[in-house]
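Enquirer: this is a predicted model, with the sequence first.
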Number of protein chains: 2
Amino acid sequence: MARIAAADRRARLAEAALTVAARDGLAAASTRAIVAEAGMPLASFHYAVPSRDELLRDVVGLVVAQEGDAAGALLGDAADVRGALRDALGGYLALVRRDPGREQAMFELTQHALRTPGLHDLPAEQYARYHAVAAALLETGAARLGIRWAVPVADLARLVVGITDGATLAWLADRDDAAAERVLDLAADALAVFAAPDTGSKETR
Amino acid sequence: MARIAAADRRARLAEAALTVAARDGLAAASTRAIVAEAGMPLASFHYAVPSRDELLRDVVGLVVAQEGDAAGALLGDAADVRGALRDALGGYLALVRRDPGREQAMFELTQHALRTPGLHDLPAEQYARYHAVAAALLETGAARLGIRWAVPVADLARLVVGITDGATLAWLADRDDAAAERVLDLAADALAVFAAPDTGSKETR
DNA sequence: ACCTGTCTGGGACACTCGTCCCACTATGGC
DNA sequence: GCCATAGTGGGACGAGTGTCCCAGACAGGT
């Protein structure tokens, strides 16, 4: 094994942990499985990271950061509110479908953190970040479409995240692509209700 | 330990497993923890149940049955569609708040089943049942209000379950009661869009 | 060139896990 | 009353876990 600074090793371990958790589940992401994925000896683990739970904290940060990057691409070029919402929701589902294990690993991570004393604060931060990303997306989307949201964006963002989480959970359970698409159709219809005219442009539906 | 038929023991073990999983998490629901909760010797476990995963199958059945019973009570006596939806959603959230561990245990169970070869079919059945319960609730609610749903009830049911799952997940993460209530306000507004007049009664909103 | 401190990696500890074996005992049908 | 059958329960096995120790090796600053 080459000589690598402890901080670098920690980052590599976080990535390896995410890979293993996405592929085999969080429960299978043992310290041994993680170092095997990273190609390191076991002892490097606790040299770079104080504990396994501490590394999981890094993993959440890793995914949350990636999620923020990916969010921008969800904004399509639809001209009406319903279409824009539908595109964004559909884009998210496509992301989940391309790598179901990763999304599932995030759910497992949240549940694990909720049960682990040292990680109790993690889920709140994680979801605050999700909500912030969704809110930003809603704001820039509204600006691009020339509308405003008739209700607080923070609340709307929380609803949007809830809908995507819920749709993801159901799709993970039954893998019903068509049903998932139909739900997003309805969700886009429903959410479009909250669009209001702003700079003289027309409201949808 | 008194003499108990194996089938009875199996049922008691399923209840004990649910208790432990709700209180301490699914990962803590080991065979030893379950028999301790049930007040049985460890060997009774594999006399009554072939394996731990087989028992978890029973646990899902147990909760799903209870969920079906509880659903009926969610129908309030609101006269308009939005109010009825809001009451039902709020009732569900109240259920979650009264026993967060149980709901969390169900999420953990779904995730675990998705990762466990012998339990792959479980989540699909579980969610099919959820969707059926929601659909039945939507149907009887519509009949009571004298409206019809403008979109397929099966799709609407899937959306409703998704919204409740999503709201639950976010609330479990940050325990923000007020935000959860505001989201349900929006959700009720949004879902009311799908109500259409049927027997001459008035549409809301 | 040396030497302090960072990094390596094999091995082990103490523990928990699911599962199983087997000697034992109470029970219901004859 | 006897005996096959169903239920009991202590104990153990092998595998897997997170964490830690410690002897060794390499690096950069002097």
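Expert: Nice, thanks for sending it over.

Enquirer: three-state assignment of the nearest residue to residue A:73 once chain neighbours are set aside?
Expert: In space, and not counting its chain neighbours, residue A:73 is closest to residue A:91: 7.0 Å by CB to CB, 6 or more residues apart in numbering or on different chains. Where C-beta positions appear, they are placed from N, C-alpha and C, glycine not excepted. The three-state assignment at residue A:91 reads helix, by DSSP: H, G, I helix; E, B strand; the rest coil.

Enquirer: residue A:38 versus residue A:91, what's the distance?
Expert: From residue A:91 over to residue A:38 the distance is 31 Å, taken as CB to CB, to the nearest Å.

Enquirer: neighbour count winner among those two?
Expert: A count of neighbours by other CB atoms under 10 Å in any protein chain shown puts residue A:38 above the other of residue A:91 and residue A:38, at 21 against 15.

Enquirer: buried set for the longest helix along chain A?
Expert: If you go by DSSP state H, chain A has its longest helix at helix A:122-145. Neighbour counts using 16 or more other CB atoms under 10 Å in any protein chain shown place A:122-127, A:129-131, A:133-135, A:137-138, A:141-142, A:145 of helix A:122-145 among the buried residues.

Enquirer: what residues does chain A have near DNA strand D?
Expert: Chain A comes close to DNA strand D at residues A:3, A:28, A:30-33, A:42-43, A:45-46, A:50-53, as judged by CB under 7 Å from any atom of the strand.

Enquirer: residues near residue A:36, how many?
Expert: The number of residues packed near residue A:36 is 14, by other CB under 10 Å.

Enquirer: can you tell if the helix or strand where it lies touches DNA strand C?
Expert: Using DSSP states H and E, residue A:36 sits within helix A:31-38. No: with CB under 7 Å from any atom of the strand as the criterion, DNA strand C is not reached by helix A:31-38; the gap is at least 8.5 Å.

Enquirer: show me the shaky parts of chain A.
Expert: Low-confidence segments of chain A (pLDDT under 70): A:1, A:199-205.

Enquirer: from memory residue A:153 sits against residue A:139, does it?
Expert: Yes: with contacts counted by CB atoms under 8 Å, residue A:153 reaches residue A:139, the gap being 6.0 Å.

Enquirer: now find how far off-centre the longest helix of chain A is within its chain.
Expert: Mean-position distance between helix A:122-145 and its chain equals 11 Å (CA atoms, centre = their mean, to the nearest Å).

Enquirer: can you check stretch A:185-193 too?
Expert: Here the centre of stretch A:185-193 is set off from its chain's centre by 21 Å, with CA atoms, centre = their mean.

Enquirer: show residues contacting that stretch.
Expert: With contact meaning CB atoms under 8 Å, 6 or more residues apart in numbering or on different chains, stretch A:185-193 is reached by A:81-83, A:85-86, A:89, A:156, A:159-160, A:163, A:167, A:204-205, B:151, B:155-156, B:159, B:162, B:189-191, B:193-194.

Enquirer: and the residues you listed, which are buried?
Expert: Burial by neighbour count, 16+ other CB under 10 Å: within these this picks out A:81-83, A:85-86, A:89, A:156, A:159-160, A:163, A:167, A:204, B:151, B:155-156, B:159, B:162, B:189-191, B:193-194.

Enquirer: could you pull out the strands for chain A?
Expert: Using DSSP state E, the strands assigned to chain A run over residues A:147-149, A:195-197.

Enquirer: between the ones you listed, which gets nearest to DNA strand C?
Expert: strand A:147-149 (48.0 Å; CB to the nearest atom of the strand).

Enquirer: got the contact list for residue A:56?
Expert: A:17, A:109, A:112-113, A:119, A:122.

Enquirer: could you find the closest non-adjacent residue to the spatially most central residue of chain A?
Expert: Nearest to the geometric centre of chain A sits residue A:67, at 5.2 Å (CA atoms, centre = their mean). Leaving aside its sequence neighbours, residue A:67 sits nearest to residue A:133 (CB to CB, 6+ apart; 6.5 Å).

Enquirer: distance of that neighbour relative to residue A:53?
Expert: As judged by CB to CB, residue A:133 and residue A:53 stand 25 Å apart.

Enquirer: and residue A:146, by the same measure?
Expert: For residue A:146, the distance to residue A:53 - CB to CB - is 47 Å.

Enquirer: and if you look at residue A:117?
Expert: 9 Å.

Enquirer: who's more crowded, those two?
Expert: Taking neighbours as other CB under 10 Å, residue A:117 and residue A:53 compare with residue A:53 leading, 15 against 6.
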